[in-house]
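3D, please:
(one chain, ligands or ions: 2)
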Amino acid sequence: MTDQVRARRLDPFGTTIFSEMTALAIQHGAVNLAQGFPDFEGPPSMVEAVIRALRAGENQYVRSQGHLRLVRALATRQRERYGLDYDAEREIAVFSGATEGLMSAVLGLVNPGDEVILLEPYYDSYPVCVAMAGGVTRYLPLRFPAFEVNFDELASLFNERTRLLLLNSPHNPTGKVLSAAELEGIAALCRHHDVLVVTDEVYEHLTYGDAVHVPMATLPGMRERTLTISSAGKTFSFTGWKVGWAFGPAPLVAAAQAAHQYVTFCTPGALQIGVAEALESCGADFYAALRSDYQSRRHFLVERLAALGFRVAPPQGTYFVLADFTPVWSGGDDLAFARYLTRACGVAAIPPSVFYRAAPEEGRRLVRFAFCKRRATLEAAAERLRKLAAGNDRPVDEL
Ligand code: PMP
Ligand code: GLN
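Residues are numbered from 1 along each chain as shown. Ligands and ions are numbered 1, 2, ... in the order given. Purely as a prediction, here's the structure:
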């Protein structure tokens, strides 16, 4: 079979970097700080709840829009945490991960030829969602190390074809948490141009220091034009469960649901019950402990990278850190460095230039490390990274 078999709209995308770097990590026995998944378990009570549900016969299709127990738990959570009221049965839908929620939302909301604005570096599935819908992507680069929104640049991307702005905060891979002023500036443009917003808030609980996550839907005039997407993967450290959801006004949720019913139809019921159980039982202490565990992992990795000579942008949120590697290595671009690190040092990381389209040069000197790992894993990685300090500057081909 040749590549010609594949539909042309997928041609620009190739294999996702997450699969590629994890395969390379396995091949070289490297510590995997590339793909963002925890190497520790989430709450055992969630696993028990799923097992109980399976044994009790939760083994058939469930309601396509989501198990009633889960959508009700989500409605309560969103009201208690953010003061946002959503009707559990009409304004919430459950998807197989945020990934499917995003794809269904874009397929349900974007017509061929509509324009969608993305911040770059972007999460890698976003441009694919837009391509599948036949839309056109426009990009706003965020620049290392502050990743501030340039409002002149952003304003210039809006026109009468703009349908949607797809936002992610806390932002993967930069760790940026959009400030209240930035959110308000973005909201004002969307209101002015009558543009919808899809926000990806999967890292909503992972913010550090003074950074506060403010959902776009809480801003004046934004609830009615915003579809808020999140998932259980990061918050409960079970990325493999793939239980995600969306909150929004009924017409926006119905649009995403219209696609979802033909993409997966429904998400496994027992896993939905496991997540409902966690939402019902985890109090403020759970979220505080999650944040403080991540805060110390972040502190450890940021310190070690800085001590090795990387120029680090300490993340305000997420479980990723972006660093400029050029002070410690000059053998090539980010793709060469990520391969070199994996093969020569035994640490896998992500080369972020693949997350840029308008300004790829921004990513070529950067590398992304994930710190959703046990302390021992981070220590092993830091120890291996010391090989860099030995002045090992040979190009990867010589290895
Ligand atoms: N959005 C962002 C920004 C992510 O980093 C991820 C990574 N896991 C996802 C969406 C996908 O979430 P899920 O695993 O729930 O599909
Ligand atoms: N969100 C994860 C990351 O950014 C990866 C998800 C995936 O592998 N698709 O590393």
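
which stretches of the stretch 251-399 of the chain form strands?
For the stretch 251-399 of the chain, strands defined by DSSP state E, counting those that start in this stretch occupy the ranges 311-313, 320-324, 347-348, 366-370.

including mean neighbour count and mean pLDDT, could these go into TSV?
Where you see a C-beta, it was placed from the backbone N, CA and C, and this is true even at glycine. Below are the strands of the stretch 251-399 of the chain laid out as TSV (neighbours: other C-beta atoms under 10 Å; pLDDT from 0 to 100):
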stretch	mean neighbour count	mean pLDDT
strand 311-313	19	96
strand 320-324	24	98
strand 347-348	26	97
strand 366-370	27	98
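
what does the protein have sitting close to ligand 1?
Residues of the chain lying close to ligand 1 (C-beta under 6 Å from any ligand atom) are 36, 97-99, 123, 168, 172, 200, 202, 231, 233, 239, 242, 244.

widest-spaced pair of those?
Asn168 and Lys242 (18.0 Å; C-beta to C-beta).

who's more crowded, the two?
Set Asn168 next to Lys242 and count neighbours by other C-beta atoms under 10 Å: Asn168 wins out with 26 against 19.

skipping adjacent residues, who's closest to the residue in the stretch 1-150 of the chain positioned nearest to ligand 1 in space?
Of all residues in the stretch 1-150 of the chain, Gly97 sits closest to ligand 1, at 2.6 Å by C-beta to the nearest ligand atom. Counting by C-beta to C-beta, 6 or more residues apart in numbering, Gly97 lies nearest to Lys242, which is 3.7 Å off, once chain neighbours are set aside.

got it, and Leu54?
Leaving aside its sequence neighbours, Leu54 sits nearest to Ala270 (C-beta to C-beta, 6+ apart; 4.8 Å).

just checking, that neighbour touches Gln60?
No. Look at Ala270 against Gln60 with C-beta atoms under 8 Å: they stay out of range, at 10.5 Å.

neighbour-wise, which of these two wins?
Neighbour totals were compared for Ala270 and Gln60, and Ala270 leads with 20 against 7 (other C-beta under 10 Å).

so who does the more buried one touch?
Val50, Ala53, Leu54, Glu58, Asn59 (C-beta atoms under 8 Å, 6 or more residues apart in numbering).

got it, and Leu308?
Here Leu308 is in contact with Val328, Leu385, Arg386, Leu388, Ala389 (C-beta under 8 Å, 6+ apart).

what's the pLDDT at it?
Listed pLDDT for Leu308 reads 95.

any idea how far ligand 1 is from it?
Distance from Leu308 to ligand 1, counting by C-beta to the nearest ligand atom, to the nearest Å: 25 Å.

residue ranges with poor pLDDT in this structure?
Applying pLDDT under 70 to the chain picks out residues 1-3, 390-399.

what about the helices in it?
17-28, 44-55, 68-82, 97-109, 125-132, 151-157, 180-192, 232-235, 250-263, 269-281, 284-308, 334-340, 375-389 (DSSP state H).

how about those, which one is nearest Gln4?
With C-beta to C-beta as the criterion, Gln4 lies closest to helix 125-132 of the helices of the chain, at 17.7 Å.
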